[in-house]
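Participant: model this:
(chains A, B and C)
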Amino acid sequence: MMNLTLKIWRQKNANEKGKIVDYPVSGISPDMSFLEMLDVLNQELIEKGKEPVAFDHDCREGICGTCSLYINGRAHGPATKITACQLHMRSFKDGDTIYIEPWRAKAFPVVKDLIVDRSSFDRIQQAGGFISVNTSGNTQDANAIPIEKEHADKAFDAATCIGCGACVASCKNSSAMLFVSAKVSQFALLPQGQVEATDRVMNMVKQMDEEGFGNCTNTGACEVECPKGISLENIARMNREYLTASLKG
Amino acid sequence: MSGIFKSSVGRKFAMALSAFFLMIFLVMHVSINFTSVFSEELFNNMSHFMGTNPLVQGLMQPILIVGVVFHFVMGFVLEAKNKASRDVGYAKNVAKDNSTWMSRNMLLTGAVVLAFLVLHFYDFWIHEMTIKYVQGDMSGLVDANNAESGFRYYDELREKFVSPVRVLIYVVSFVLLSLHLLHGFNSAFQSVGANNKYVKSLKGFSKVYSIGIPALFIFIAVYHHFTH
Amino acid sequence: MSILDSKIPEGPLADKWTKHKNDINLVNPANKRLIDVIIVGTGLAGGSAAATLAELGYNVKAFCFQDSPRRAHSIAAQGGINAAKNYQGDGDSTYRLFYDTVKGGDYRSREANVYRLAEVSTNIIDQCVAQGVPFAREYGGLLDNRSFGGVLVSRTFYAKGQTGQQLLLGAYAAMNRQIGRGKIKMYTRHEMLDVVVVDGKARGIIARDLVTGEIERHSAHAVVLGTGGYGNAFYLSTYAMGSNVTAAWKAHKRGAFFANPCYTQIHPTCIPVSGDHQSKLTLMSESLRNDGRIWVPKHKKDVEAIRNGSLKPTDLAEEDRDYYLERRYPAFGNLVPRDVASRAAKERCDAGYGVNQTGEAVYLDFASAIERYGKEQAYVKGLNVEDKALITKLGKEVVENKYGNLFQMYEKIVDQNPYETPMMIYPAVHYTMGGLWVDYNLMTTVPGLYAIGEANFSDHGANRLGASALMQGLADGYFVLPYTIGDYLAHDIRTGEIPTDSKEFDAAEEKVRAEIDKLVNNQGTKSVDYFHKKLGKIMWNKCGMARNEKELKEAISEIAALREEFYKDVFVPGEENEYNEELAKAGRVADFLELGELFAKDALERNESAGGHFREEYQTESGEALRVKDYQYVSAWEYKGQPSEAVHHKEPLEYENIEVKERSYK
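Facilitator: Presented below is the predicted three-dimensional model:
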């Protein structure tokens, strides 16, 4: 069992100022997930009649992309290729002090405590993250166009993005390039997506810039912190797609 | 095509293009400089050629200046936008676990190189420009009226590296240039969208380049300092 | 004649859907612009329905409680999606998929619905590929398939262990396209708290903005619920933390009958509970049963040795292991349906053969798959097949390629390497086959109120086969509802916009506000989770994998008492006009506390064992589920103020195209 000191960002709502508040927690089992440790804290706070710490979470199995904690200076905590909900307390030691902060980016304003608004990501997807095919089901047979396995696999790897925002949170420039490039790449690698590739990349990059994300300076932090290990190759591919599209358009 | 340089991706592309240009320029520059280590005559001849050839002077030099200025200005513009994209910082941030110091400090290393360039321009370029275009002496000779006096370039070079302070400034600046290149070389390829197996195989070369070129510059400065 | 009219079209089974589509009313494109549709829930069913209805021209308002539609829990589905494509040439067909699904559901689903599902399944794959869903492919560039429980063909399409994610992102993309065009207005972080019924028709909802706490009125000509299942009544489940029954339950209270609430799927392969702190359970995909073998030790002394750590499972000799699924069900082996596999695991653990400290875990072992694949690879590559180390290395590579992300997930949670030692697994609540009763058109008993996907009861009977949930969600949303809803809306083209200032909206809003006020101002002493955990324990112990009359009766009274205690003693911190997760949770748990009682009541009424509903009193000599012919009906419950007063209605199930047999996987 571990005793820990938590330093948590508390902020009542988007308009009020926030600050780091210290909370001691005790009796934490190494088998608990990080979010279950926060559950323990929250139950204690509620029992004392205080407001629990608000944090985003849903599936708790690393796929929905809801959880978004900056733990001890790292997006999703010290381990790589996992989300905060998959982080277990065995990664910490008795007596540790743990900083817990929300994602920080102008395009991700704080909603409350550790919760941020990531609707900017949705708007980027709405600008072009789709293939314009009607949902009638009357398309050609699924096997009509064979797709080279290597391309299909790479498209899948790009498509595994869970939209959590760790890339933005860990980038020193709050750049969303990895997120945007994952979708651009997925479709660029598939014949079905190539038809409207030009418009897609132009529109998505335009929206990304309008949302106030920074530029990519290729530090590679996003790739390291991405829970799904989305590769920087995707950013290069998006750059390529963008330049080709610019020359066409 | 219009507006491409207003977008984040387009600007990074432009940064990379100017970087490629400057990286090629560095190779040329160090090659010519290095001749000074073993042949005074070759160095003088090449310097004179570069200093008087109309194509070099009239076309390449302005492009170079524009390239340098563009690279710096764009660098600062991008940094300003990047800084603005995070209005509240982290209380605790351990960036060293996910990225290199070089990649995070391109502005710092770049700014030092910029400061160095001011000195460098003052030392050589303004000097050259004054002689050639203000005084109108295009001869390149120690004594413009005496063809026997020989070219002045080598002697002027040796003169500059007498001062240990200047040599130290050169050394420090080139170390930072090396750090700048260690990230910048590969980064430029990534920005133009080149990230295939061929580019990945350049990783080793990029280290050789990024350390080798500044090292040669340092060697030249130190060599002339101690052999003077 | 029951008051439930399933509206199944006349004619031969295979022609019903086509005929129905030809017969029903259509709304012309110009008129669709005059019609609003509300969709609550934006998972596979809701998301695909929203996209399709918007594309057809309706004005869609979509609501989800998550911060983005992309986070709906459909995303967590791992294994795959079934479709009768017969790409493998192994004898699959629409009929066989239909047959497997009805049989898998233990003959408790509606024949016509299931046939339609099987029929449109192939369109789903075509559609998704056109949308850029990156399904797994073979080296020839064509789509790959794998096998799932309860079937003898390979018809499951997949994208590694993230099929649900890829399909949901496909529907999300289709929605985004329509949001970008202004045809869908998306309301994220909104929770539906009531359905508004005007003149007997569903005409809108009351929703709470979870960020500001504001109570909002939204009107439409029809309301569609795609709000998923209610497995979180068990507290511990593989559902997302936010998954809830509230929307469906509020609809139930407004007149929608709730069908077969006791049909719950307990998934056999989940990571076992590790302690009291546990907030949720994690599924290990059923696809693992393609290659993993399930076993416990044959002898109690070995069980003891394993539990106290003196014996490693890998050291136990082959002949001392009991591969109980292979032993009991030789024909299907480890790939029996989920209900059968879960009960078999419980049977072994109850008999004292569980392999972890709590005695509630069995092994899922990949050692023989690793060896088999290793040898295969060695042959292919022309290497030495006698080299054990090499075989193991090659085999591990193949297994990693197939299940890498699942193995990694397991290791992160349990801190054991499943390549070296067998996984420990135990059943957990995973899906609810029950839900709002709907007719063939997917309309509930409230006109204009539809339920799609897991929220309805329709297609899986008493047990759902693996890889069928994704199929049903997308079938309902993309290909069924968009047609059938037109039949209803065709009568609404002259209605005009529905006003939100009617007395019905006033009353509904007032009711919602009163409920919230009550919770926020309750000043009790116990947290919402305290009650939720207590409810979960009752549900798991008395309404779980095995049920009996005595315990179900106890459950009914215990849940009723707990509900009373909840309203007396729950404490909800914070205010109503702000982001307040405890308040949202309190509302959801309040509904679970009502649903739980109806659940137990339904289980008590059903004096038979069928699929996921296992009554100890009704089993064969070998311990298999014993169906009772008299119960070949759908139970649909009508709300009458209290779960205890709910009125029972029956929709008889008739099988004209399939012979009702004892479900055997031996």
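
Participant: Could you use CA atoms for every contact and neighbour count after this?
Facilitator: OK.

Participant: Which neighbouring elements make contact with the top helix by length along chain A?
Facilitator: Longest helix in chain A, counting residues (DSSP state H): helix A:233-248. Using 3 or more C-alpha pairs under 8 Å, 6 or more residues apart in numbering or on different chains; DSSP states H and E as the contact test, the elements touching helix A:233-248 are helix A:177-188, helix A:197-210, helix B:8-38, helix B:164-191.

Participant: winner for burial among those helices?
Facilitator: helix A:177-188 (a mean of 27; mean count of other C-alpha atoms under 10 Å in any protein chain shown).

Participant: Does chain C have contacts with the helix or strand following it?
Facilitator: Once the chain leaves helix A:177-188, the next helix or strand it forms, by DSSP states H and E, is helix A:191-194. Yes. Interface with chain C: helix A:191-194 contributes A:Gln192, A:Gly193 (C-alpha under 8 Å from any C-alpha of the partner chain).

Participant: Pull out the buried positions in helix A:191-194.
Facilitator: A:Pro191, A:Gln192, A:Gly193 (16 or more other C-alpha atoms under 10 Å in any protein chain shown).

Participant: again with stretch C:474-491
Facilitator: Residues of stretch C:474-491 classed as buried: C:474-490 (neighbour count, 16+ other C-alpha under 10 Å).

Participant: any idea how far the residue lying closest to A:Pro52 once chain neighbours are set aside lies from chain B?
Facilitator: Take A:Pro52 and drop its neighbours on the chain: the residue closest to it by C-alpha to C-alpha, 6 or more residues apart in numbering or on different chains is A:Asn42, 4.7 Å away. Remark: distance between A:Asn42 and chain B (C-alpha to the nearest C-alpha, to the nearest Å) = 22 Å.

Participant: count of neighbours near A:Asn42?
Facilitator: 18 (other C-alpha atoms under 10 Å in any protein chain shown).

Participant: what does B:Ser149 give?
Facilitator: 11.

Participant: Quick one: residues contacting it.
Facilitator: Taking C-alpha atoms under 8 Å, 6 or more residues apart in numbering or on different chains, we find B:Ser149 in contact with B:Leu141, B:Val142, B:Asp143.

Participant: Turn the residues you listed into JSON lines, columns for neighbour count and distance to chain A.
Facilitator: JSON lines is the format used below for the contacts of B:Ser149 (neighbours: other C-alpha atoms under 10 Å in any protein chain shown; distance: C-alpha to the nearest C-alpha, whole Å):
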{"residue": "B:Leu141", "neighbour count": "18", "distance to chain A": "46"}
{"residue": "B:Val142", "neighbour count": "16", "distance to chain A": "47"}
{"residue": "B:Asp143", "neighbour count": "14", "distance to chain A": "50"}
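
Participant: Out of these, which is nearest to B:Pro164?
Facilitator: Distances from B:Pro164 to these, taken as C-alpha to C-alpha, are shortest for B:Val142 (24.7 Å).

Participant: residues touching the closest one, list them.
Facilitator: B:Ser149, B:Gly150, B:Phe151, B:Arg152.

Participant: Now it. Nearest residue, chain neighbours left out?
Facilitator: Among residues not flanking B:Val142 along the chain, B:Arg152 sits closest, at 4.5 Å (C-alpha to C-alpha, 6+ apart).

Participant: How about C:Glu454?
Facilitator: C:Gly228 (4.7 Å).

Participant: Looking at the one you found now. What's its pLDDT?
Facilitator: pLDDT, C:Gly228: 98.

Participant: Save the contacts of B:Val142 as TSV, and put in distance to C:Lys503 and secondary structure too.
Facilitator: Formatted as TSV, these follow (distance: C-alpha to C-alpha, whole Å; DSSP: H, G, I helix; E, B strand; the rest coil):
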residue	distance to C:Lys503	secondary structure
B:Ser149	107	helix
B:Gly150	104	coil
B:Phe151	100	strand
B:Arg152	99	coil
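
Participant: By neighbour count, which of those wins?
Facilitator: Neighbour count (other C-alpha under 10 Å) singles out B:Phe151 as the most crowded of those, with 22 neighbours.

Participant: and the gap between the residue lying closest to it once chain neighbours are set aside and C:Gly89?
Facilitator: Of all residues not flanking B:Phe151 in the chain, B:Leu141 sits nearest, at 4.3 Å (C-alpha to C-alpha, 6+ apart). The spacing between B:Leu141 and C:Gly89, counted by C-alpha to C-alpha, to the nearest Å, is 88 Å.

Participant: Likewise for C:Arg110?
Facilitator: Applying C-alpha to C-alpha, the value for C:Arg110 to C:Gly89 is 28 Å.

Participant: which stretches of chain B form helices?
Facilitator: For chain B, helices defined by DSSP H occupy the ranges B:8-38, B:40-52, B:54-55, B:61-84, B:101-104, B:106-120, B:126-129, B:153-160, B:164-191, B:197-200, B:203-227.

Participant: Let's have the ones you listed in CSV, adding distance to chain C and mean pLDDT.
Facilitator: Listed next are the helices of chain B as CSV, based on distance: least, C-alpha to the nearest C-alpha, whole Å; pLDDT from 0 to 100:
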stretch, distance to chain C, mean pLDDT
helix B:8-38, 22, 95
helix B:40-52, 56, 93
helix B:54-55, 53, 93
helix B:61-84, 25, 94
helix B:101-104, 30, 97
helix B:106-120, 36, 94
helix B:126-129, 57, 88
helix B:153-160, 62, 91
helix B:164-191, 25, 95
helix B:197-200, 21, 80
helix B:203-227, 28, 95
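
Participant: Neighbour count: C:Arg110 and C:Gly89, which is higher?
Facilitator: Ranked by neighbour count (other C-alpha under 10 Å), C:Arg110 and C:Gly89 place C:Arg110 first, with 26 against 11.

Participant: how does chain A divide into domains?
Facilitator: For chain A, the structural domains run A:2-112, A:118-132+A:146-248, going by automatic domain parsing.

Participant: Can you tell me which of those is packed in deepest?
Facilitator: domain A:118-132+A:146-248 (a mean of 23).

Participant: Do you know the pLDDT at residue 181?
Facilitator: Assuming you mean chain A. At A:Ser181, pLDDT is 98.

Participant: that answer is for a different chain, and I need it for chain C
Facilitator: 96.
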